[in-house]
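Asks: Need a 3D model of the sequence below.
(chains A and B)
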Amino acid sequence: MNAQDPNPPSLYAKREPIFPRRVKGNFRTMKWWLLAVMLGIYYLIPWIRWDRGPDMPGQAVLLDLANRRFFFFMVEIWPHEFYFVAGLLIMAGIGLFLFTSALGRVWCGYACPQTVWTDLFILVERWVEGDRNARLRLHRQAWNFEKIRKYGLKWTVWFLIGMATGGAWVFYFSDAPTLLVDLFTGQAHPIAYMTVLVLTMTTFLFGGFFREQVCIYACPWPRIQAAMMDEDTITIDYRHWRGEPRGKLKKGQLDPTQGDCIDCMACVNVCPMGIDIRNGQQMECITCGLCIDACDEVMDRIGKPRGLVAYMALSDQQAEQSGAPQKSVWKHILRPRTMLYTAIWGLVGIGLVVALFIRSDMDMSVAPLRNPTHVVLSDGTVRNVYDIRLRNMYHEQRDFVLSITENPDLRLSIEGEPGRRVTVGPDEMALLRVYLTAAPETPSNTAERSAVRIWATIPGTNDRVYSDTIFNGRTQ
Amino acid sequence: MVDPENKTPENKVRPPSRQYPDPAVKLKQDPPTTGHSWDGIEEYDNPMPRWWVWIFILTVIWSVGYWIAMPAWPGIQQATSGVLGYSSRANVASELAEFEARNEQFFVQLVETDLDAIRDNDELHRFAINAGGSVFRAQCSQCHGQGGAGVQASGFPNLLDDDWLWGGTMEDIVTTITWGIRNEDFADTRYSAMPAFGADGLLSNEEIDQVVAHVLSLSGADHDATLASAGAEVFEMNCASCHGESGEGDYFIGAPALNNQIWLYGGSPEAIRESVYYSRFGVMPGFENRLREAEIRAVAAYVHQLGGGQ
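Replies: Numbering: from 1, shown residues only, chains lettered A, B, ... in the order given. Below is the predicted model:
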């Protein structure tokens, strides 16, 4: 700030309420469809049933945090396979990079929950209060019965939507039909009610009151996105060389010395972010396309070609202005940067699919007990003890046989079991205390330590896994 | 779509509409200062943001309700208790009581179930091992070690191996834990005493050397064969009545087996000689007065499954 400046700008920007006008057009129609599909997916997925057998949950998508199991249709993820989730998150990240470098903030404009729910809340607002002018009037007028009634109704509907949002969220974490009954009869876990309450309030506040401020001030993603965009990224822009100098229609006639923009403010009035697209691409713009619809409608009415405001790359703007030939959309999209993102995205995806198909539905981990490292028995035999965890990641109970193949002098036995065979229940883990013994004068007995490979086999099948560990001999 | 009239390739300057709004348009009057000046730096007297003020007022209102509802104001004896009657101490107590009530059925079952039948009941056995394990770590691990391995060659028995002084069945273990070993507080305690053959002059030094060699031979350790054969007679006369003809020991009188690889006080000739000369007198507390019967049974179940149970 310049000390000599007699009028320094305020560092605080008060929020100017935004009352987006209703608009019709291709982008608006597409956004309604996307909204319906995405909300439909969000609300319906927990209700899809999936038969996994009698002892397993029957919900297609279930994040069973209490039992630490994650179900996604035919796939079941155990906590130690959490790398699948990490891989999916990496794919989601790279996917966003790809879309951003190709199509700008297409995620923000069409798919982001903040945008979708704000759209829904604005729709409610319009149903209750009317379009832009009616809402503006209501906003400016003093509190009276009409304002209280309309605002009260609007807030009530918002709150109900918020409750439905938070209510649907918890169904992903528990059996949906049971939880629904429990929620209404007061039987559900307090955490479920807390989650519903928190998400109800965040939906209500973020969709109803914070709206574009979330995108401008709170969300880190728009700031990161700027690094992924370049002059070939397709974003929304205003053809200023065609629109300027702008001017109002005079007596319904176009002044031939003027540009095509008649300064009707349609693009500004429909903008949910409250900006003027004619200032070019700017920080707030989420590229939702509503200004395109609004301007096209006006261009049609005054008999000018559409596309004064349109999706285009920055390089198009310059090419059009200089009369140079334009690149096709595909030439913009297919460039090294997007191809690299696609390749990384595909590689991670292929890796995950391969990992999914080659993973085993059984697993064993062996932890040698180190207190003490070994025990000498009365006849001089040396014994080591191991905690073995056997995971049966299958929906039926199965038998496992433990064995040692490469150390002929070691004997294996299981505490509390007569043999080397144990039964593990469906989708369960068994913790076994396993003894390995080496008789006196055998190599494993006298060596300080020997490498051991313990096998777990499902009898009658070729399914087996192994784990490598160490046997401590009699060192003194 | 391209309008030839407006095609101005040389137009590199941004038209006014492409420029961002001049920030000066939004300029406001300078806010007043607080009047403080530090090295010429002054402080604006800006009001707090309104949302902040509102939250502050709400917290003040909230605090009044909190004083009434919850323990708040400190007094001489104790703080005001609040109308809701909340107390974190009482919560802990009630949670502990709740867990104890939940465990009570298992404690009852532990006492009612036959000792050898405990491991047949999976749920009860799991409870016994966990409850017994925590008692073991609190009461037994000081001598027997966290892992139950005792202290090598120092008289603290290893509970993991298959060698026992007083027997390794569930019943034997329960008896040992309940009454202790050589414990003067209980008439039922495990008691045995080996004579101090050297210190009390029962055996000569030469005879002791012979019997030590014989004891080494019983477990197959390196020994002097001449001494050992002489020691056989000494052993038979003085030791076999408790330790057995071939040194197999006797659980009933707590006589350790000498014919195996496990030495409570060490298996070197010097350590064995000291045992014969001075005798040993290991002790263990009885837990009759310290643990409930169910807890003793739980510890016994825990020790029994460490690897040496009989």
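Asks: A:Phe70 touches A:Asp64, doesn't it?
Replies: Yes. Counting by C-beta atoms under 8 Å, A:Asp64 is a contact partner of A:Phe70 at 6.9 Å. Every residue, glycine included, has its C-beta placed from N, CA and C.
Asks: These two: which is more packed in?
Replies: Using other C-beta atoms under 10 Å in any protein chain shown as the criterion, A:Phe70 and A:Asp64 rank with A:Phe70 on top: 19 against 16.
Asks: quick one, phi psi at the more buried one?
Replies: Phi and psi for A:Phe70, reported as degrees, to the nearest 10, are phi -120, psi 120.
Asks: before we move on, what about B:Gly254?
Replies: phi 70, psi 30.
Asks: Name the nearest residue to it, sequence neighbours excluded.
Replies: Closest residue to B:Gly254 apart from its sequence neighbours, by C-beta to C-beta, 6 or more residues apart in numbering or on different chains: B:Ser192 at 4.3 Å.
Asks: same question, A:Thr257
Replies: Per C-beta to C-beta, 6+ apart, closest to A:Thr257 is A:Pro245, 7.8 Å.
Asks: Just to check, that neighbour is in contact with A:Pro256?
Replies: No. When contacts are counted by C-beta under 8 Å, A:Pro245 is not listed as touching A:Pro256 (11.9 Å).
Asks: Of these two, which one has the most company?
Replies: Using other C-beta under 10 Å as the criterion, A:Pro245 and A:Pro256 rank with A:Pro245 on top: 15 against 6.
Asks: Going along the chain, name the helices of the stretch 101-250 of chain A.
Replies: With DSSP state H, counting those that start in this stretch, the ranges of helices along the stretch 101-250 of chain A come out as A:106, A:113-129, A:132-140, A:145-170, A:176-185, A:190-205, A:212-213, A:221-225, A:240-243.
Asks: what's in contact with the shortest one?
Replies: Translated: helix A:106. Outside helix A:106, the residues that touch it by C-beta atoms under 8 Å, 6 or more residues apart in numbering or on different chains are A:99-100, A:287.
Asks: a markdown table for those, including distance to chain B, secondary structure and neighbour count?
Replies: Below are the contacts of helix A:106 laid out as a markdown table (distance: C-beta to the nearest C-beta, whole Å; DSSP: H, G, I helix; E, B strand; the rest coil; neighbours: other C-beta atoms under 10 Å in any protein chain shown):
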| residue | distance to chain B | secondary structure | neighbour count |
| --- | --- | --- | --- |
| A:Phe99 | 27 | helix | 19 |
| A:Thr100 | 23 | helix | 24 |
| A:Thr287 | 18 | coil | 24 |
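Asks: which one of the residues you listed sits closest to A:Phe27?
Replies: Nearest to A:Phe27 among the contacts of helix A:106 is A:Thr287, at 9.8 Å by C-beta to C-beta.
Asks: near chain B, which residues of the stretch 101-250 of chain A show up?
Replies: Taking C-beta under 8 Å from any C-beta of the partner chain as the criterion, the stretch 101-250 of chain A approaches chain B at residues A:238-246.
Asks: Generate a PyMOL selection restricted to the buried subset of those.
Replies: PyMOL command restricting these to the buried ones, with burial defined by 16 or more other C-beta atoms under 10 Å in any protein chain shown:
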select buried, chain A and resi 238+239+240+241+242+243+244+246
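Asks: that older thread, what's the burial count for the residue nearest to B:Gly254?
Replies: With other C-beta under 10 Å as criterion, B:Ser192 counts 16.
Asks: so where is chain A shaky, pLDDT-wise?
Replies: Scanning chain A for pLDDT under 70 picks out the ranges A:1-11, A:252, A:476.
Asks: Let me see the ranges of the strands in it.
Replies: Along chain A, counting by DSSP state E, strands occupy A:61-64, A:69-72, A:75-77, A:234-238, A:309-313, A:362-368, A:375-376, A:382-392, A:398-404, A:410-414, A:421-424, A:428-438, A:449-457, A:464-472.
Asks: Need the contact partners of stretch B:88-105.
Replies: Taking contacts as C-beta under 8 Å, 6+ apart, the residues outside stretch B:88-105 that touch it are B:127, B:131.
Asks: State the distance from the closest residue to A:Ile470 other than its chain neighbours to chain B.
Replies: The shortest distance from A:Ile470 to any non-neighbouring residue, by C-beta to C-beta, 6+ apart, is to A:Arg449 (5.2 Å). If you measure A:Arg449 against chain B using C-beta to the nearest C-beta, to the nearest Å, the figure is 18 Å.
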